[in-house]
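**Student:** Next one to model:
(2 chains)
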Amino acid sequence: MAGKERDIKVKIENVVKKFNGRNGEMVALNGVNLDIHENEFITVVGPSGCGKSTLLNIIAGLHEPTSGRVICNGKEVHGTGTDRGVVFQQYALFPWLTVKKNIKFALDMRGVKGEQAEAEIQKYLKMVDLEKFADHYPKELSGGMKQRVAIARAYAANPQVLLMDEPFGALDAQTRTQLQTELLDTWEKEQKTCFFITHDVEEAIILGQRVVIMSARPGRIKDIVDIDIPYPRTQETKMSPRFLELKNYIWSQVYQEYLAVRK
Amino acid sequence: MKKSKLQSDTKWMNRLWLFISFATAMVLWYILSILPSTARCFPNVVVVLQQIKVMIDRGCLFTDIASSLISVFAGYALGFVIALPVAILMAWYRPVRNILEPWIQFVRNIPPLAYVPLVVIGAGVGRKPQIIVITLATFLIMCVTIYQGVININETLIKAARILGASDKDIFIRVIAPATLPFILTAVRLGAGVALTTLVAAESTGASAGLGMRIRTLNNSFETAPMLLYIIIIGIIGITIEKIIKTLERKLTGWQEKREI
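**Tutor:** As a prediction, this is how the structure comes out:
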């Protein structure tokens, strides 16, 4: 799967991000370079505060880098764009809209109307298995269901790159594994370039073709690990010797950084 | 089926409790009306109810109610119309906020009764000072409430909309407006309470009719029974307005997670 001659979808060049905090200047990202290939599933792990989310926000166009640049589809990123979608950890559903209308919001923004919109809504509701909850408000849904709606809405916007900021971080372990499986299914069916942030090493390995390990602040890329386990991956994959080997390696790398943060 | 039976059971229980509460109040009122120390200010129920006819015969009950309602609604509507844009400007533009907010907080803590005489000197007697005072008081409370709502909008929702391709106009109409609506309705409810509270102060000077003005006049002639009647009428108007707004809130913002202010 991890072909070498694929097109580069997103190119991150020397990205530096500094914030002016109460204790003076804080360097969140210190020269990040990364090429993300078309239809690649890339996962990012690192200790909290390492700048993972800052990097995602810069790719999304929600923040401007202090120096360096991000190129998506050959164009330099300034501001948000519909070629990049985001799934937030806190779901970010519009609470005054039903499930169906949350998905419709994305279609409205694309200018999809009438019967075609209706057909797409049904398609995405089906994709996340929430057809029965089309007319429910977010407050009536569980955390896992809310995140499914958020994923459906992100897909409905039809971005080429899907950025996910610890989307399953707030969910219980069972729901999380279920959503991981569903996300992989969807990704295998409707190929998209995925950039997925997590603090869970197992999650990073089960989902990603490559795992990016970030160092403690100021954030840099410490290592990139190719995950040579073929898809489809299931929960049983987590028992395989290769998985455990990779998990041990990546975990030890992340742990070193975690210790660095504590100092 | 079982659920609806349960619901109708709770409904009946609620009604029963309301009845018990009402009966308790009546008994208490009766006791107050026969105790020597409180009998003067708490005439008994029958006497108070008879005052309805007395005040109608005097030709003032309906004009008083109408006059007060006109002042309250005019002042309240004006207060809202000013509060909404000011609150939004305060939330969006730092200079507007920095200049206005300290003064809004300052004036908000002065009881309207204190500045009524000043308003009368400026605006003369009649309906004008009443409307000015009610406008001012309701503006202050509604402005603060709506402003708090707008600055507390979940920023992730705005980000999410932008990511989905929303323009500034889309964001205003489809995100900020609905996200602010619950706070606007809360402001409307709090404003209604303040409007009534301020009414009595507003009518205290040179009014020719009105519930608040009549209470003061009756006070001069020690007519406690019609006074009590008027006080109860103000209470009924207040609770009716609150009920109407609460129904509106439930209809318009039922999507919200439960929250009471």
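
**Student:** Write out the residues of the stretch 51-200 of chain A neighbouring chain B.
**Tutor:** Residues of the stretch 51-200 of chain A found near chain B (CB under 8 Å from any CB of the partner chain) are A:60, A:62, A:80, A:82, A:84-86, A:88, A:90, A:92, A:94-97, A:105-106, A:109-110, A:137-139, A:153, A:157. In this view, the C-beta of every residue, glycine as well, is placed from N, C-alpha and C.

**Student:** and residue 62, how many neighbours?
**Tutor:** In the absence of a named chain, this looks at chain A. As a burial measure, residue A:62 scores 18 neighbours (other CB atoms under 10 Å in any protein chain shown).

**Student:** Wait, chain B was what I had in mind.
**Tutor:** 11.

**Student:** Sketch out the low-pLDDT regions of the stretch 151-263 of chain A for me.
**Tutor:** Applying pLDDT under 70 to the stretch 151-263 of chain A picks out residues A:263.

**Student:** in the stretch 151-263 of chain A, what residue is nearest chain B?
**Tutor:** residue A:157 (5.0 Å; CB to the nearest CB).

**Student:** coming back round to it: now the buried members of the residues of the stretch 51-200 of chain A next to chain B.
**Tutor:** A:60, A:62, A:80, A:84-86, A:88, A:90, A:92, A:94-97, A:105-106, A:109, A:137-138, A:153, A:157 (16 or more other CB atoms under 10 Å in any protein chain shown).

**Student:** distance of residue A:106 from residue B:170?
**Tutor:** From residue A:106 across to residue B:170, the span is 12 Å (CB to CB, to the nearest Å).

**Student:** scratch that, residue B:113 is what I was asking about
**Tutor:** 46 Å.

**Student:** one step back: so which of the buried ones among the residues of the stretch 51-200 of chain A next to chain B sit within helices?
**Tutor:** A:60, A:105, A:106, A:109, A:153 (DSSP state H).

**Student:** Mind telling me the two of the residues you listed farthest from one another?
**Tutor:** Using CB to CB, the two most remote members of these are A:60 and A:105, lying 17.4 Å apart.

**Student:** Tell me where chain B is predicted with low confidence.
**Tutor:** Using pLDDT under 70, chain B drops low at B:1-4, B:258-261.

**Student:** okay, now the domains of it?
**Tutor:** For chain B, the structural domains run B:1-42, B:46-252, going by automatic domain parsing.

**Student:** Need the winner for burial among those.
**Tutor:** domain B:46-252 (a mean of 18; mean count of other CB atoms under 10 Å in any protein chain shown).

**Student:** hmm, that one touching chain A?
**Tutor:** Yes: using CB under 8 Å from any CB, we find that domain B:46-252 touches chain A at B:154, B:156-157, B:159-166, B:170, B:174-175, B:178-179, B:181.

**Student:** Filter the buried ones among the residues of the stretch 51-200 of chain A next to chain B down to the ones in strands?
**Tutor:** A:84, A:85, A:86 (DSSP state E).

**Student:** partners of the second one in the sheet?
**Tutor:** In this case it means residue A:85. Note on residue A:85: beta-bridge partners residue A:162, judged by DSSP bridges.

**Student:** Which strand or helix spans the closest residue to residue B:72 other than its chain neighbours?
**Tutor:** Nearest non-adjacent residue to residue B:72, counting by CB to CB, 6 or more residues apart in numbering or on different chains: residue B:195, 4.9 Å away. Element membership for residue B:195 (DSSP states H and E) is helix B:177-202.

**Student:** Many thanks, have a good one.
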